[in-house]
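K.L.:
Here's a sequence, model it:
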Amino acid sequence: MSIATPVPSGRCVQHRAGAVQALILVFTTQLPIMGLLSLIPIIPLLAQQFSSEPNARYMVPLLITAPSVCIALLSPLAGYLADRIGRRRLLLGAVLCYGIFGFAPFFMSDLISIVASRFLLGITEAVIMTVANTLFGDFYPPIPRRKWLAVQSAVGSLSGTALMCAGGVLGTMGWQGPFLLYLLAFPIFICLLMFTWEPQRQREDVQHQPQSNFPVANIAKVVAVTLFCASLYYVEVLQISQVLHAMGLHDSSSIGIAGGLAGLGVPLGALLFAKLAKRRVRVHLAVVFLLFAAGLIGLGQASAVSWAVLGAFIAQVGCGLLIPALINWCLGGLSYEHRGRGVGLWTAAFFIGQFLSPFLVNLISETLGSLAAAVSALGGVSLLALLVTGLLSMRTGARSPLIN
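P.N.:
Numbering: from 1, shown residues only. Below is the predicted model:
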């Protein structure tokens, strides 16, 4: 496992990224996941703690959603700054401030101040998500990049479960307890400081020539597909607990166990991406839509909890495949000078999809009369997307396909 191999290159010394840099970036990208999941187990404690505050019923949920809103709105700006002023300094500053703003509520007692700190945290998360994924494109050529993106997806699933459990355990100390988790940002900051460097513009892969203009058409295609896919991605993630509750499963621990079993599909999806990594993204999307269709229809039509969990598991396999496939697609169409902006737009699209997904489900639920019917209907939408992807692939063939 190399840390950083200097390679002579004329007048300067280039670094060669290895497993150490990849793992540091993988764990860096888990920080925004922690920002979302670590507080979920203590929402009842927060509601109880601040019940006397005016508008607490609106402010407490904002503690959870504020960072995601910032990521959706500010990721394009973060990408622009990464292209203009450099990656490493921006990422180091964001991770350091993440630790400060994330841990600050441990010492606070005013709800408005805590909410403000969460918005500041969200600003740092927008930078972290964008720049860390940009560095995957800067540090690694396509083949190792695909491997590490698959690892990132698998680790994201495992860390999500671990962070929720840790948040629940630390919540036994009181509502401030889970904010201790944000101290993990400081060792990550030290690792970034010691083992990473500002990437230099290098010769692009032979498949991709440097561009003088930002690839608007290509990124617009990536953003549109990402927005659509993210809206489907979060259907099972955000609705499984309510579907299980409607089926008569009311115990929160049982719902948590069921959700955890379904979540085991994500690492399997990451492994599936590793197997399909050399195939074009239209193949990845076709498999994702097939898994979403089977999983969501199975979840919506299930007559027993076991069948619902199986449907959710299948959908989660699709989730594990989708994210590395989309990131790899985005990075593959960008040269060095445009990579930050492109990744920033991709990140914004994915988090906007997260925001829109529950509204879409609620709208369809009101139309069809039940949540289960809405989930099944969105499985049908996934099936339709699969058919459209297949038709476009047959129509374009090898001639400049719509989805490469």
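
K.L.:
what residue ranges in the stretch 101-250 of the chain are flagged as low confidence?
P.N.:
Within the stretch 101-250 of the chain, the ranges that satisfy pLDDT under 70 run 201-212.

K.L.:
Now do the helices in it.
P.N.:
Ranges of helices in the stretch 101-250 of the chain, per DSSP state H, counting those that start in this stretch, are 111-139, 142-170, 185-195, 216-246.

K.L.:
among these, which is nearest residue 376?
P.N.:
Residue 376 sits nearest to helix 216-246 of all the helices of the stretch 101-250 of the chain, at 10.4 Å, using CB to CB. To be clear about C-beta, it is placed using only N, CA and C from the backbone, and glycine gets the same treatment.

K.L.:
Name the residues that touch the helix or strand following the closest one?
P.N.:
Per DSSP states H and E, the first helix or strand lying C-terminal to helix 216-246 is helix 252-263. With contacts defined as CB atoms under 8 Å, 6 or more residues apart in numbering, helix 252-263 is touched by 157, 160-161, 236, 240-241, 244-245, 249, 305, 308-309, 312-313, 315-316.

K.L.:
which two from those end up farthest apart in space?
P.N.:
157 and 245 (22.8 Å).

K.L.:
who has more neighbours, these two?
P.N.:
Using other CB atoms under 10 Å, the more surrounded residue of residue 157 and residue 245 is residue 157, with 21 against 14.

K.L.:
Tell me which residues touch the closest residue in space to that one that isn't next to it in sequence, please.
P.N.:
In space, and not counting its chain neighbours, residue 157 is closest to residue 266: 3.4 Å by CB to CB, 6 or more residues apart in numbering. By CB under 8 Å, 6+ apart, residue 266 lies in contact with 153, 154, 156, 157, 316, 317, 319, 320.

K.L.:
which residues touch the third one?
P.N.:
Looking back up the chat, that one is residue 156. 29, 30, 33, 266, 323.

K.L.:
Now list the buried members of those residues.
P.N.:
Buried residues within those, counting neighbours by 16 or more other CB atoms under 10 Å: 29, 30, 33, 266, 323.

K.L.:
Run a quick neighbour tally on residue 57.
P.N.:
Residue 57 has 11 nearby residues by other CB under 10 Å.

K.L.:
Pretty sure it sits in a strand.
P.N.:
No - counting by DSSP: H, G, I helix; E, B strand; the rest coil, residue 57 falls outside a strand, being helix.

K.L.:
Can you give me the separation between it and residue 152?
P.N.:
36 Å (CB to CB, to the nearest Å).

K.L.:
show me what contacts residue 29?
P.N.:
If you count contacts by CB under 8 Å, 6+ apart, then residue 29 has 128, 129, 132, 133, 152, 156 around it.

K.L.:
Just give me the closest of the residues you listed to residue 218.
P.N.:
residue 133 (16.9 Å).

K.L.:
Skipping adjacent residues, who's closest to that closest one in space?
P.N.:
residue 343 (5.0 Å).

K.L.:
tally of neighbours for that neighbour?
P.N.:
So residue 343, with other CB under 10 Å, has 31 neighbours.

K.L.:
Can you mark which positions in the helix or strand hosting it are buried?
P.N.:
Using DSSP H and E, residue 343 falls within helix 339-368. By neighbour count on 16+ other CB under 10 Å, the buried set for helix 339-368 is 339-357, 360-361, 364-365.

K.L.:
ok, now how distant is the residue most central in space within the chain from residue 156?
P.N.:
What sits nearest the mean C-alpha location of the chain, by CA atoms, centre = their mean, is residue 323, with 6.9 Å. Distance, residue 323 to residue 156, by CB to CB: 8 Å.

K.L.:
does residue 52 sit in a helix, a strand or a coil?
P.N.:
Applying three-state DSSP to residue 52 yields a three-state assignment of coil.

K.L.:
What is the burial count for it?
P.N.:
8.

K.L.:
Could you chop this protein up by domain?
P.N.:
Dividing the chain into domains by automatic domain parsing, as the record does, gives the ranges 15-195, 216-396.

K.L.:
and the first one, how far out from the chain's middle?
P.N.:
Just to be clear, that refers to domain 15-195. Domain 15-195 sits 11 Å away from the centroid of its parent chain (CA atoms, centre = their mean, to the nearest Å).

K.L.:
what's the span of it, first residue to last?
P.N.:
End-to-end distance of domain 15-195 (CA to CA, to the nearest Å): 10 Å.

K.L.:
what's the nearest residue to residue 149 if we skip its chain neighbours?
P.N.:
residue 324 (3.8 Å).

K.L.:
wouldn't the one you found be in contact with residue 275 here?
P.N.:
No - counting by CB atoms under 8 Å, residue 324 stays clear of residue 275, with 11.8 Å between them.

K.L.:
Who has more neighbours out of those two?
P.N.:
residue 324 (27 against 10).

K.L.:
what sits against that one?
P.N.:
By CB under 8 Å, 6+ apart, the neighbours of residue 324 are 146, 149, 150, 152, 153, 270, 273.

K.L.:
try 10 Å this time
P.N.:
If you count contacts by CB atoms under 10 Å, 6 or more residues apart in numbering, residue 324 has them with 145-154, 156, 269-270, 272-274, 277, 284.

K.L.:
how would you label it: helix, strand or coil?
P.N.:
Looking at residue 324 with three-state DSSP, the answer is helix.

K.L.:
For residue 195, see how far away it is.
P.N.:
On the measure of CB to CB, residue 324 and residue 195 end up 23 Å apart.

K.L.:
go on, residue 339?
P.N.:
On the measure of CB to CB, residue 339 and residue 195 end up 21 Å apart.

K.L.:
again with residue 284
P.N.:
31 Å.

K.L.:
Looking at those two, which one has more neighbours?
P.N.:
More crowded of residue 284 and residue 195, by other CB under 10 Å: residue 284, with 23 against 16.

K.L.:
Tell me who's in contact with the residue nearest to residue 314 when sequence neighbours are not counted.
P.N.:
The spatially closest residue to residue 314, leaving aside those adjacent along the chain, is residue 295, at 3.7 Å (CB to CB, 6+ apart). By CB under 10 Å, 6+ apart, the contact list for residue 295 reads 232, 235-236, 262, 265, 310-319, 375, 379, 382.
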